[in-house]
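# Generate a structure from the sequence data that follows.
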Amino acid sequence: MPRERGEILTTITVIPGDGIGPEVTDQALRTLDALDLGLDIDMLDHVNAGTYLETGEALTDADFERVRTSDSTLLGAVGDPRVAGTDYARDVLLRLRFDLDLYVNYRPAKLFHDRLSPLRDETRRAVDCVIVRENTEGLYAGMGGVLRKQTPFEMTMDAEINTHHGVSRIVDFAFSIARRSVCMVDKSNAVKFGGQLWQRYWREAAGRHPRLETSHLYVDAAVMKLVEDPTRFDVIVANNSYGDILSDLMAELAGGLGTATSANINGDTGFGLFEPVHGTAPDIAGKGIANPIGAILSAALLIERLGHTAAAAAVRESVNSAIAQRRVTPDLGGELGTVDAGEAIRAGLR
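The predicted structure is shown next:
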């Protein structure tokens, strides 16, 4: 959509990616179009594994600049079994996370319908929680190395990085979005030095928010408590690796990865990269049966962050209605394909 001279539009860069990414992203874009929000879509559909296999480049500097200068980004999924190793996916997703300093991984989890919950106790099914995961430090920062590779004496090391800057800003973000409580999860009884930093700043931050209930759990205990009663949690904040694991567990407790959304956010600039959690699912790519709800809800999260709160709420309500009526894909108990499931949601917007 070209800009008219003098017109200021909200530009959304879109990277459909690989596998089912283009299929579900198409349904998300059709849903945004139905909302008529006047968004300017900048499509980067050449950023994919096919291009990487041909050129050896995952994300060019020019592509990165288009993302950087946009208002927000919607990502389908990246990864392809034809590509050996993890360099391609890391060069797209982790470059965007690190170079744009998207230090917040924001993972909301809300159960849309009782039938989707794996919990037997119906009083424990009202899941409505956010996992706030530190996104640029920890074990995923890539610090480490290998000695004597491919010998009987091979030694590998991955270093967990924690800085006061990184810990303080992620904890502060968690408190800024909490409605009733914040739980900090770590393993400070075993991970001594990083744990001390998290514990010290956690106590300082908790003292500044007396109206909020605060608690602390070691990660192994947190896993048990989540399975026992996920409704007790409002916001959970954790480091990169623990937050990664806990957010996937919470997604399953809230109905599965098919409806799970995520946002990678710079809490200072407000820029965000939004994506469904399910990955590329190459085993079902091209079959027209992928669940589009995660992508559609990720798009709703994107427009909500841009200020379109009523439109985002309308999308969520329509998704809720489609799930209740079983007008969904087979993984959620319906019989629709990807396109028809997306259309069922858009029908609820009219």
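# where does the stretch 1-150 of the chain have low pLDDT?
In the predicted model, the stretch 1-150 of the chain carries pLDDT under 70 at residues 1-8.
# Would you mind giving the secondary structure of residue 152?
Following DSSP: H, G, I helix; E, B strand; the rest coil, residue 152 is assigned to coil.
# burial of it, as a residue count?
5 (other C-beta atoms under 10 Å). C-beta here means a position set from N, CA and C on the backbone, and glycine is covered the same way.
# Model confidence score at it, please.
We have a pLDDT of 95 for residue 152.
# and if you look at residue 161?
Reading off the model, residue 161 has pLDDT 95.
# Quick check: beta-bridge partners of it?
Beta-bridge partners for residue 161, by DSSP bridges, are residue 138.
# What is the burial count for it?
The number of residues packed around residue 161, counting by other C-beta under 10 Å, is 16.
# Verify the contact between it and residue 138 for me.
Yes - applying C-beta atoms under 8 Å as the test, residue 161 and residue 138 come out as touching, 6.4 Å apart.
# Starting from residue 21, give me the distance back to residue 148.
Taking C-beta to C-beta, to the nearest Å as the measure, residue 148 and residue 21 are separated by 39 Å.
# swap that for residue 96, sorry
15 Å.
# again with residue 208
Residue 208 is 41 Å from residue 21, where distance means C-beta to C-beta.
# try residue 237
29 Å.
# now residue 287
Counting by C-beta to C-beta, the gap from residue 287 to residue 21 is 14 Å.
# Show me which of these two is the more surrounded one.
Neighbour totals were compared for residue 287 and residue 21, and residue 21 leads with 27 against 12 (other C-beta under 10 Å).
# Could you tell me which residues make contact with the more buried one?
Applying C-beta atoms under 8 Å, 6 or more residues apart in numbering to residue 21 gives the contacts 75, 76, 77, 78, 280.
# Please state the backbone phi and psi of the nearest residue to the last one once chain neighbours are set aside?
Setting aside the residues directly before and after it, residue 280 is nearest to residue 19 in space (C-beta to C-beta, 6 or more residues apart in numbering), at 2.7 Å. Residue 19 has phi and psi values of phi 60, psi -130 when expressed as degrees, to the nearest 10.
# My guess is residue 19 contacts residue 276. True?
No - the pair residue 19 / residue 276 is not scored as a contact, 11.4 Å apart, by C-beta under 8 Å.
# the more surrounded of the two?
residue 276 (30 against 26).
# how much space between the nearest residue to residue 347 once chain neighbours are set aside and residue 135?
Distances taken as C-beta to C-beta, 6+ apart place residue 318 nearest to residue 347, at 7.9 Å, with adjacent residues excluded. Distance of residue 318 to residue 135, given as C-beta to C-beta: 30 Å.
# From the neighbour counts alone, determine which of those two ranks first.
Using other C-beta under 10 Å, the more surrounded residue of residue 318 and residue 135 is residue 135, with 26 against 21.
# Report the contact partners of the more buried one.
Contacts for residue 135 (C-beta under 8 Å, 6+ apart) come out as 97, 102, 103, 104, 105, 170, 240, 264.
# hmm, back to that, and for residue 19 and residue 276, which residues touch both?
Residues touching both residue 19 and residue 276 (C-beta under 8 Å, 6+ apart) are residue 77.
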